[in-house]
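> heads up, no residue letters with this:
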């Protein structure tokens, strides 16, 4: 059981709670889970009489009452994309914090290590994206030619997106460029005498871009009383789909 | 035979997505199997029930329940399994097609694609939510039994 005695220690505890919420939200966990993690960490300390957490896809708020005085911490979320292993590490960190005698400082150090840890490498991203795109092209009804074309296009598009993400453009531009190139590759291969169908290749290779999971997650948020987060998620997903459709549409209008 | 082929293909795609999302290595095998099975359930139920809504709901209910079971077994959050496994079902192509028809001012197809996408999204979300509610109820029930035994 951890104890806090001073304002300074309370602030460290708050930092730990807000940090773990931030890891959860920025790596793609559900909103209610991010709120839960912060509240569980705060309530593990008996001196904290009341704990609240309020998370958005764009920011996290955590507040704790100690000595009859509320203190609040806030952090802004910079979206990083999905990285499930960080969510798992953060979850097990909060579990260890509650169940064992892990000190607040040590836990805070570990949380920062998780947060600033490296994401997946380019090789991992591009190979898995090419495999995912090609299998999706087959799953939606394509043949062996679509498999090969979508694999090539998925590999190239994920490489392009990975390199673009360094410049921290907005998600709209990134998706537009990704969809533009995937359509361009599909049409070019077709014109070069590859026997792939343009439709199946495009739908397979934009599978890594389309916001299918975020929009389902947003609907889940709304069903579990997180209206604001749900609205934010749905709005983002609609604009993302718009960017992808525009990127593909331009190529098909001009060439196809 | 065709279903078995689709099972293998969707399983491989879910595996690929677990790598893409950098999931923990321990979670990969089961999310692949869950994803493949849920696709088979979706495809099997589609001609029987005749509605996207209900077959999507059944498939996502299966995903939710088995993912919660895996989550308890591996002591990980259930998202680890739900997220990759849901990807073949999720209407990513549907959102793209609805926007594409809207841009091309193809009102008839746009209407069809949008309604189908919204139905599928809502049924998938309801399936996952109901699965998590069921697990929560079961947990509360077992906890109360344990307390009674201790007394």
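That came through fine. All values derive from a computational prediction rather than experimental measurement.
> distance of the residue in chain B positioned nearest to chain A from residue A:216?
Proximity of chain B to chain A (CB to the nearest CB) peaks at residue B:92, 3.0 Å away. The way it works is simple: take the backbone N, C-alpha and C, and place the C-beta from them, glycine included. Distance, residue B:92 to residue A:216, by CB to CB, to the nearest Å: 10 Å.
> In chain B, what residue spans correspond to helices?
B:2-20, B:25-49, B:52-74, B:79-86, B:92-103, B:107-150 (DSSP state H).
> hey, least reliable of these by pLDDT?
The weakest mean pLDDT among the helices of chain B belongs to helix B:92-103, with a mean of 82.
> which of the helices of chain B sits most buried?
helix B:79-86 (a mean of 29; mean count of other CB atoms under 10 Å in any protein chain shown).
> near chain A at all, that one?
Yes: residues of helix B:79-86 contacting chain A under CB under 8 Å from any CB of the partner chain: B:79, B:80, B:83, B:86.
> For the nearest residue to the first one once chain neighbours are set aside, which three-state class applies?
To tie it back to what came earlier, the one meant is residue B:79. Spatial nearest neighbour of residue B:79, chain neighbours left out: residue A:29 (5.8 Å); criterion: CB to CB, 6 or more residues apart in numbering or on different chains. Three-state call for residue A:29 (DSSP: H, G, I helix; E, B strand; the rest coil): coil.
> Where does pLDDT dip in the stretch 51-200 of chain A?
In the predicted model, the stretch 51-200 of chain A carries no residue with pLDDT under 70.
> Residue A:236 and chain B, how far apart?
For residue A:236, the distance to chain B equals 12 Å [CB to the nearest CB, to the nearest Å].
> Would you tell me which residues of the stretch 51-200 of chain A are close to chain B?
Counting by CB under 8 Å from any CB, the residues of the stretch 51-200 of chain A that sit close to chain B are A:82-88, A:91-92, A:95, A:119-120, A:124-125, A:127-129, A:131-132, A:135-136, A:138-140.
> Those residues in strands, which ones?
Using DSSP state E, no member of those falls in strands.
> Narrow these to just the buried residues.
A:82-88, A:91, A:119-120, A:125, A:127-129, A:131-132, A:135-136, A:138-140 (16 or more other CB atoms under 10 Å in any protein chain shown).
> which ones among those are found in helices?
Counted as lying in helices by DSSP H, out of these, are A:84-88, A:91, A:125, A:127-129, A:131-132, A:135-136, A:138-139.
> Show me the strands in the stretch 151-256 of chain A, by range?
Read by DSSP state E, counting those that start in this stretch, the stretch 151-256 of chain A holds no strands at all.
> re earlier: of all the helices of chain B, which one is nearest residue A:44?
helix B:107-150 (18.8 Å; CB to CB).
> re the thing from before, and the two most separated of the ones in helices among the buried ones among the residues of the stretch 51-200 of chain A next to chain B?
Pairwise distances across these (CB to CB) peak at 34.2 Å, for the pair A:91 and A:138.
> Which helix or which strand is home to residue A:74?
strand A:69-76 (DSSP states H and E).
> swap in residue A:51?
Per DSSP H and E: strand A:48-55 holds residue A:51.
> Direction included, what does that strand pair up with?
Looking at strand A:48-55 with DSSP bridges, its partner strands are strand A:59-66 (antiparallel).
> Would you list the phi and psi of residue A:196?
According to degrees, to the nearest 10, the main-chain angles of residue A:196 amount to phi -90, psi 150.
> Surely it and residue A:187 touch.
No: using CB atoms under 8 Å, residue A:196 makes no contact with residue A:187, being 10.0 Å away.
> Kindly provide the distance from residue A:169 to residue A:80.
14 Å.
> For the two, work out which one has more neighbours and name it.
Ranked by neighbour count (other CB atoms under 10 Å in any protein chain shown), residue A:169 and residue A:80 place residue A:80 first, with 15 against 12.
> quick one, what contacts the more buried one?
A:26, A:27, A:119 (CB atoms under 8 Å, 6 or more residues apart in numbering or on different chains).
> So it: helix, strand or coil?
Under three-state DSSP, residue A:80 comes out as coil.
> Residue A:83 touches residue B:20, doesn't it?
No: with contacts counted by CB under 8 Å, residue A:83 stays clear of residue B:20, the gap being 10.3 Å.
> Mutual contacts of these two, please.
Taking CB under 8 Å, 6+ apart as the criterion, residue A:83 and residue B:20 both touch residue A:120.
> Now do the contacts for the closest residue in space to residue A:131 that isn't next to it in sequence.
Counting by CB to CB, 6+ apart, residue A:131 lies nearest to residue B:16, which is 3.9 Å off, once chain neighbours are set aside. Residue B:16 sits next to A:128, A:129, A:131, A:132, A:135 when contact means CB under 8 Å, 6+ apart.
> Reformat those as JSON lines; add distance to residue A:44.
Output for the contacts of residue B:16, formatted as JSON lines (distance: CB to CB, whole Å):
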{"residue": "A:128", "distance to residue A:44": "37"}
{"residue": "A:129", "distance to residue A:44": "39"}
{"residue": "A:131", "distance to residue A:44": "41"}
{"residue": "A:132", "distance to residue A:44": "39"}
{"residue": "A:135", "distance to residue A:44": "43"}
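> Among those residues, which one lies nearest to residue B:126?
For those, the nearest to residue B:126 is residue A:132 (26.2 Å; CB to CB).
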